[in-house]
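Novice: I would like to see how this sequence folds:
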Amino acid sequence: MKLIEGLERIRRMDRPVVTIGNFDGIHIGHQRIIEEVRRKAAEIDGVSALITFDPHPLSLLKPENLEGLITPLPVKKRILEEMGIDVLIILKFEESFRGLEPEDFIRDVLVKRIGVSVLVLGYDFRFGKDAKGDVNLIEKLSEKYGFLFRKIDPVTLDGEKVGSNRIRKMIVDGDLLRVRDFLGRTFSVTGKVIYGAGLGKKIGFPTANLAFSENQLLPKKGVYITEVELHGNYYPSVTNIGFKPTLNLERISVETHILDFHKDIYGMEIEVKFYERIRDEMKFGSLEELRSAIAEDVKKARAFFKDRL
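Specialist: Residues are numbered from 1 along each chain as shown. Presented below is the predicted three-dimensional model:
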């Protein structure tokens with residue numbers, strides 16, 4: 001996948017089929033759009049291209065509505081490459097985008113710079129000044145500037161429209177089973193393993209402490225059945241998200257006990273996949289009580305993975 005960062009680096013492409021959006025989560029609705037982009041590009045022997053924004057526009061326009069990202073940019077890049085997108089264009093979202101006339105972007109960027117052949121967008125796409133750039137306007141502009149336009153209808157699941165805002169709420173609520181259905185994959189958090197307080201090792205349950213992206217959306221505080229991916233291998237695990245109340249820590253942490261694992265992985269990047277919430281985070285009166293609770297968590301995780309075999 002070719003990566004282009006910045007408007008000034010964009011060059012004309014060979015029969016590009018383009019889509020535009022934030023694509024946070026790359027959920028099953030996004031996947032349908034991306035599949036259509038790739039299908040159409042293959043049909044006309046063209047290039048599949050996706051334009052996204054960093055930071056997420058809501059972080060500037062309505063920061064109170066964005067608690068974090070389902071897929072921070074490095075994760076989004078990886079997933080899009082795995083999905084087979086040929087060109088990923090990342091544009092910096094700045095204040096100037098507020099006043100941008102939709103036709104100016106279509107004409108100057110999509111038509112003149114990229115040479116768009118086909119534009120594929122979701123049914124609810126809007127952009128530009130006063131959010132005037134909706135699919136109705138874009139359809140008219142496609143006729144004016146001579147490219148094809150394809151609108152992708154909403155994807156529903158259990159009677160609900162699939163959307164990033166809805167999925168973020170599910171994650172915050174700890175409803176990871178539903179999240180998996182809406183994402184089309186297991187929700188995960190990626191980061192490097194860093195040194196922690198060493199308490200886990202002291203009580204017999206060593207943990208990998210994760211340095212995650214600062215804009216990463218995290219599930220509800222508590223203990224989860226998880227799985228760690230490291231160098232293409234997968235290991236059952238139990239993960240705690242929270243403030244370690246027994247230690248009275250003030251900074252939220254993600255720490256994972258990998259079952260039956262004894263390798264030194266400090267400094268390595270791992271992916272933690274979240275399957276099921278076990279319990280709330282709790283403050284224990286002693287380290288022995290904490291040890292007993294973790295042992296019970298591990299027992300539940302073993303049963304979970306045994307049933308999956």
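
Novice: just the C-alpha atoms of stretch 16-35, please, in CSV.
Specialist: The C-alpha coordinates for stretch 16-35 follow below in CSV (Å, rounded to 0.1, in the frame of the first residue of the first chain):
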residue,chain,number,x,y,z
PRO,A,16,-8.5,5.9,-9.4
VAL,A,17,-11.6,4.7,-7.6
VAL,A,18,-11.7,6.8,-4.4
THR,A,19,-13.5,6.9,-1.1
ILE,A,20,-13.4,9.5,1.6
GLY,A,21,-14.1,9.3,5.4
ASN,A,22,-12.8,9.0,8.9
PHE,A,23,-13.3,5.2,8.9
ASP,A,24,-12.7,4.9,12.6
GLY,A,25,-13.1,1.2,13.5
ILE,A,26,-13.3,0.1,9.9
HIS,A,27,-16.5,-1.7,10.8
ILE,A,28,-18.7,-3.9,8.6
GLY,A,29,-20.3,-0.8,7.1
HIS,A,30,-16.9,0.7,6.2
GLN,A,31,-15.9,-2.7,4.9
ARG,A,32,-18.7,-2.7,2.4
ILE,A,33,-17.6,0.6,1.0
ILE,A,34,-14.0,-0.5,0.8
GLU,A,35,-15.0,-3.8,-0.9
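
Novice: ok, the residue lying closest to Asp24 once chain neighbours are set aside - contacts?
Specialist: Using CB to CB, 6 or more residues apart in numbering and skipping residues adjacent in sequence, the residue nearest Asp24 is Ser164, 4.6 Å away. Just so you know, the C-beta spots here come from the backbone N, C-alpha and C atoms, and that holds for glycine as well. By CB atoms under 8 Å, 6 or more residues apart in numbering, the residues touching Ser164 are Asn22, Asp24, Gly25, His27, Ile70.

Novice: then the first one would be within a strand, right?
Specialist: No. Assigned with DSSP: H, G, I helix; E, B strand; the rest coil, Asn22 falls outside any strand and is coil.

Novice: tell me the spacing between it and Ile258.
Specialist: Relative to Ile258, Asn22 is positioned 33 Å away (CB to CB, to the nearest Å).

Novice: ditto for Tyr123
Specialist: The gap separating Tyr123 from Ile258 is 42 Å, by CB to CB.

Novice: do the same with Pro206
Specialist: The value you get for Pro206 to Ile258, if CB to CB is used, is 8 Å.

Novice: between the two, who's got more neighbours?
Specialist: Ile258 (23 against 17; other CB atoms under 10 Å).

Novice: how close does that one get to Gly200?
Specialist: Taken as CB to CB, the span from Ile258 to Gly200 is 11 Å.

Novice: do a quick rundown of the strands in the protein.
Specialist: 2-5, 16-20, 47-54, 87-92, 118-122, 148-152, 156-157, 160-161, 188-194, 208-212, 222-230, 233-242, 253-258, 269-279 (DSSP state E).

Novice: these: which one's closest to Lys169?
Specialist: Taking CB to CB, strand 160-161 is the member of the strands of the chain nearest to Lys169, at 11.2 Å.

Novice: just checking, what packs against the closest one?
Specialist: In this structure, strand 160-161 makes packing contacts with no helix or strand, judged by 3 or more CB pairs under 8 Å, 6 or more residues apart in numbering; DSSP states H and E.

Novice: can you list contacts of that strand?
Specialist: Outside strand 160-161, the residues that touch it by CB under 8 Å, 6+ apart are Gly29, Pro154, Val155, Arg166.

Novice: can you tell me which of those are buried?
Specialist: Gly29, Val155, Arg166 (16 or more other CB atoms under 10 Å).
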